[in-house]
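Novice: here are the coordinates; sequence isn't available:
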């Protein structure tokens, strides 16, 4: 067991698994693009099966070595889940589920430098931006109702229903209104421009930039987490060293005082007559 643990945690094994994940992503892309029923596809399928066997072995070793700690590690659960989901039958009615094997490409996230920190930062930012999402949703829905009420007769293709208005306003929001010059509703209606201007300023420049700022702050905090932990550990070691030195100094002082007291007892000072 100790030998297996050392192999699994070795840099050679981790590097090999990372290269296998990268190779598997390339092979899956070639399979998707290749022609069926050819010798090339047959060889690619064999390579895919071999790489899948290696990834499954890595997942089993992770469970064997880490034990219950796997359940407390979100990234271990992610890697194992992605690998096991991609193991589906490739025959009969289950053959359509073979597309799930492409999720193995997601394991590249675990091997790209700082990618885990970026994903953790995004998840943390999403948790912190719950209130901002509510505000954006209220603002967006308000403008959807406004433009649908005003323009559903003028341009039913874009504003005929709430769903169409929402889809079109989302395009306007992410493109910062770059395609508004072709809007039908602007024909002889100069009062429409302030509505779109307010929407772009509030939804695009205001709230979206706030999301980006929160995400960047969370990413910076996640990337600096290791440095902060190292500094904290160094500070704790320094505190322990200072405490040990303090105890040593106090002990030395106590010993010196005891020797002086013993010297006074053995050789009392002669008082003048």
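Specialist: Done, it's in. Since we're looking at a predicted model, the values are computed, not measured.

Novice: For the closest residue in space to residue 34 that isn't next to it in sequence, the count of nearby residues, please.
Specialist: Nearest non-adjacent residue to residue 34, counting by C-beta to C-beta, 6 or more residues apart in numbering: residue 41, 5.0 Å away. (Glycine included, C-beta is placed from N, CA and C.) Neighbour count of residue 41, defined by other C-beta atoms under 10 Å: 14.

Novice: check contacts around residue 41.
Specialist: Residue 41 is in contact with 31, 34-35, counting by C-beta atoms under 8 Å, 6 or more residues apart in numbering.

Novice: these two touch, right, residue 56 and residue 85?
Specialist: No: the criterion here is C-beta atoms under 8 Å, and residue 56 misses it with residue 85 at 11.6 Å.

Novice: ok, the residue lying closest to residue 151 once chain neighbours are set aside - how many residues close by?
Specialist: With C-beta to C-beta, 6+ apart as the criterion, residue 151 has its nearest non-adjacent residue at 4.1 Å, and that residue is residue 159. For residue 159, the count of nearby residues is 23 (other C-beta under 10 Å).

Novice: May I have the residues that are in contact with residue 159?
Specialist: Per C-beta under 8 Å, 6+ apart, neighbours of residue 159: 147-148, 150-152, 165, 168, 185.

Novice: what's the farthest-apart pair in the residues you listed?
Specialist: 150 and 168 (13.0 Å; C-beta to C-beta).

Novice: Compare the two (neighbour count), which wins?
Specialist: Taking residue 150 and residue 168 together and counting by other C-beta under 10 Å, residue 168 has the greater number of neighbours (20 against 17).

Novice: how about the nearest residue to that one, chain neighbours excluded?
Specialist: Excluding its sequence neighbours, the residue lying closest to residue 168 (C-beta to C-beta, 6+ apart) is residue 158, at 4.5 Å.

Novice: Could you pull up the residues touching the one you found?
Specialist: The contact partners of residue 158, taken as C-beta under 8 Å, 6+ apart, are 151, 164-165, 168, 183-184.

Novice: tell me the secondary structure for it?
Specialist: helix (DSSP: H, G, I helix; E, B strand; the rest coil).

Novice: Model confidence score at it, please.
Specialist: In this model, residue 158 is scored at 85, pLDDT.

Novice: Rounded mean pLDDT for the host helix or strand of residue 229, please.
Specialist: Per DSSP states H and E: residue 229 is located in helix 225-266. For helix 225-266, mean pLDDT rounds to 76.

Novice: So that it lines up with my notes, have the first residue be 10 from now on.
Specialist: Sure, I'll start counting at 10 from here, so that last one is helix 234-275.

Novice: Measure how far stretch 79-94 is from the centre of its chain, please.
Specialist: Centroid displacement of stretch 79-94 relative to its chain, using C-alpha atoms, centre = their mean, to the nearest Å, is 14 Å.

Novice: can you check stretch 200-220 too?
Specialist: On C-alpha atoms, centre = their mean, the centre of stretch 200-220 falls 29 Å from that of its chain.

Novice: And that stretch, what's buried?
Specialist: The neighbour-count check on stretch 200-220 (16 or more other C-beta atoms under 10 Å) flags 201, 204-205, 208-209, 211-213, 216-217, 220 as buried.

Novice: Using a markdown table, please lay out those together with secondary structure and distance to residue 150.
Specialist: Formatted as a markdown table, these follow (DSSP: H, G, I helix; E, B strand; the rest coil; distance: C-beta to C-beta, whole Å):
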| residue | secondary structure | distance to residue 150 |
| --- | --- | --- |
| 201 | helix | 19 |
| 204 | helix | 15 |
| 205 | helix | 16 |
| 208 | helix | 12 |
| 209 | helix | 16 |
| 211 | helix | 13 |
| 212 | helix | 11 |
| 213 | helix | 16 |
| 216 | helix | 13 |
| 217 | helix | 16 |
| 220 | helix | 17 |
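
Novice: hey, where'd the helices end up in the stretch 60-209 of the chain?
Specialist: Ranges of helices in the stretch 60-209 of the chain, per DSSP state H, counting those that start in this stretch, are 83-94, 124-137, 139-160, 165-168, 171-183, 202-208.
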